[in-house]
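> Okay, structure incoming, though there's no sequence with it:
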């Protein structure tokens, strides 16, 4: 087992992609421990052989189609007219647009790379500091995988055998709370630095609303489908793709054949990477469980305390640290076999824990030094990472506050799914 872990750590330290690091160390573990060779392929295939996981490439495609079809432009224009009059106007518009887009793509990277470009350009053109603009854009992008639909919650649901519809509804209030918390901080910055605000124009708001209403109702269609039982999360992903195509091709006419094929290619590459990580992580966790390592880790954590509040605090800290260095899908697949027995032993609601776990990992995506969304924003906005590291720190405070509110007030997560999803 020592060779197994050491190989994994060394590969990560030398910069080998996470999927290869996990897969190579898992294969080496199987060979050293003399497992049958067929186990390698068998476990990797069964890891992604799930009806639920079909939703991942489709939601990724839906997000790319919305970015390429200029649907995100209309979302941001509407958000600007809606909340731009508040001090720090475009910062608030940034957050609101991310909440709306979160209800379509379920991906922080899609938000940061697509909508983030539009938000950054608008803010800097209107006199906002580049560092502040980059920090707001990065922080708001993590709402995407909390507010439904959510790719990490799909992975959690498939791995932990939990209702994805309940997980999606459980993310609604935490996602909205994150948005409100970020907007409060933007307001305080705006008062201190006297940022300009966008004038309130009712006619312009009405025009942007009716011009973008087909985009704005997408989250409502998805949420209504879950609560009424019209369709499953997997079916919702295909509806999101079809709906995005109809809007981009027929209504807005902003997509041509080349753009469409580029979206397919980009989505295929991203989906293949995500699913390959899940497959290799499944093999990795199989070795962990088979050799008893996951049970030993669980026993160690439970040996520290039997108090659920203390255990949840420890888990939060561990996940926040892991989220700084690793891809969320990999952490979910690797850590769930370790954490689920602990959570079940303490009678913690699995829907509550799933949303808290994903919220942890999303905060890690904007935490220095290796937050993925920070790298994306740095690349699209041409901001040096050291400047972005400094500017993002205040925005971590409201996100962490919401995390601990959701951790210790379970009703924030569980109230809506218990009320709406049967």
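Thanks, I have the structure now. Everything numeric here is computed off the predicted structure, so don't read it as measured data.
> which residue is nearest the centroid of the protein?
residue 145 (2.8 Å; Cα atoms, centre = their mean).
> That residue and residue 363 touch, don't they?
No - using Cβ atoms under 8 Å, residue 145 is not in contact with residue 363; the gap is 10.8 Å. Quick note: C-beta positions are derived from backbone N, CA and C, even for glycine.
> Find the nearest non-adjacent residue to the residue nearest to the centre of the chain, please.
Among residues not flanking residue 145 along the chain, residue 152 sits closest, at 4.8 Å (Cβ to Cβ, 6 or more residues apart in numbering).
> which residues sit in contact with that neighbour?
Counting by Cβ atoms under 8 Å, 6 or more residues apart in numbering, residue 152 makes contact with 145, 328, 329, 332, 358, 361, 362.
> distance of it from residue 168?
Separation of residue 152 from residue 168 (Cβ to Cβ, to the nearest Å): 11 Å.
> cool, residue 411 as well?
If you go by Cβ to Cβ, the gap between residue 411 and residue 168 works out to 17 Å.
> And the residue nearest to residue 145, what's its pLDDT?
With respect to pLDDT, residue 152 has a value of 88.
> host element of it?
helix 151-160 (DSSP states H and E).
> Check which helices and strands the following helix or strand past that helix is in contact with.
Downstream of helix 151-160, the next assigned helix or strand under DSSP H and E is helix 164-170. Helix 164-170 is packed against helix 151-160, helix 218-228, helix 233-246, helix 350-364, helix 411-420, with contacts defined by 3 or more Cβ pairs under 8 Å, 6 or more residues apart in numbering; DSSP states H and E.
> and the longest helix for the protein?
helix 257-290 (DSSP state H).
> Mind listing what's buried along that one?
259-260, 263, 266-267, 270-271, 274-288 (16 or more other Cβ atoms under 10 Å).
> circling back to that earlier point, mind checking how far the residue nearest to residue 145 is from residue 159?
Residue 152 is 10 Å from residue 159, by Cβ to Cβ.
> what do you get for residue 7?
In terms of Cβ to Cβ, residue 7 sits 24 Å off from residue 159.
> Looking at these two, which is more packed in?
Neighbour comparison, residue 7 and residue 159: the larger count goes to residue 159, with 24 against 18 (by other Cβ atoms under 10 Å).
> And for the more buried one, nearest residue in space, chain neighbours not counted?
Spatially, and ignoring its direct neighbours in sequence, residue 159 is nearest to residue 336 (5.0 Å; Cβ to Cβ, 6+ apart).
> pLDDT weak spots in the stretch 1-150 of the chain?
1-2, 4, 103-115 (pLDDT under 70).
> what about the strands in it?
Along the stretch 1-150 of the chain, no stretch is classed among the strands by DSSP state E, counting those that start in this stretch.
> Could you list the low-pLDDT ranges of the stretch 301-422 of the chain?
Filtered on pLDDT under 70, the stretch 301-422 of the chain yields the residue ranges 421-422.
> Need the phi and psi values for residue 367.
For residue 367, the backbone dihedrals (degrees, to the nearest 10) come out as phi -100, psi 130.
> And it, how far from residue 142?
Taking Cβ to Cβ, one finds residue 367 at 10 Å from residue 142.
> The two: which has the busier surroundings?
Set residue 367 next to residue 142 and count neighbours by other Cβ under 10 Å: residue 142 wins out with 29 against 23.
> Tell me who's in contact with the nearest residue to the more buried one once chain neighbours are set aside.
Among residues not flanking residue 142 along the chain, residue 362 sits closest, at 4.0 Å (Cβ to Cβ, 6+ apart). By Cβ under 8 Å, 6+ apart, the contact set of residue 362 is 108, 142, 145, 146, 152, 323, 328.
> Identify the farthest-apart pair in those.
Using Cβ to Cβ, the two most remote members of the contacts of residue 362 are 146 and 323, lying 13.3 Å apart.
> Which one of those two is surrounded by more residues?
Under the criterion of other Cβ under 10 Å, the comparison of residue 146 against residue 323 puts residue 146 first, with 29 against 25.
> wait, doesn't the more buried one sit right on residue 359?
Yes - at 5.8 Å, residue 146 counts as touching residue 359 under the criterion of Cβ under 8 Å.
> Need the overlap of contacts for these two.
With Cβ under 8 Å, 6+ apart, residue 146 and residue 359 have common neighbours residue 174.
> ok, residue 162 - how many residues close by?
Residues near residue 162, counting by other Cβ under 10 Å: 19.
> give the contact list for it.
Contacts of residue 162 by Cβ under 8 Å, 6+ apart are 156, 350, 351, 354.
> where does the residue nearest to residue 274 when sequence neighbours are not counted land in three-state SS?
What sits nearest to residue 274 in space, not counting adjacent residues and going by Cβ to Cβ, 6+ apart, is residue 329, at 5.5 Å. What DSSP: H, G, I helix; E, B strand; the rest coil gives for residue 329 is helix.
> which residues are contacting the strand or helix carrying residue 303?
Per DSSP H and E: residue 303 is located in helix 293-304. Helix 293-304 has contacts (Cβ under 8 Å, 6+ apart) with 1, 285, 288-289, 310-311, 314-315, 337-339, 341-342, 345.
> right, and the helix or strand after that helix?
Next element after helix 293-304 (DSSP H and E): helix 308-325.
> Tell me which residues of that following helix come out buried.
Per 16+ other Cβ under 10 Å, helix 308-325 contains these buried residues: 311, 312, 315, 316, 318, 319, 320, 322, 323, 324.
> Reformat those residues as JSON lines; add distance to residue 59.
JSON lines is the format used below for the buried residues of helix 308-325 (distance: Cβ to Cβ, whole Å):
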{"residue": "311", "distance to residue 59": "32"}
{"residue": "312", "distance to residue 59": "29"}
{"residue": "315", "distance to residue 59": "27"}
{"residue": "316", "distance to residue 59": "26"}
{"residue": "318", "distance to residue 59": "27"}
{"residue": "319", "distance to residue 59": "23"}
{"residue": "320", "distance to residue 59": "25"}
{"residue": "322", "distance to residue 59": "23"}
{"residue": "323", "distance to residue 59": "20"}
{"residue": "324", "distance to residue 59": "25"}
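> Many thanks, I have nothing further to ask.
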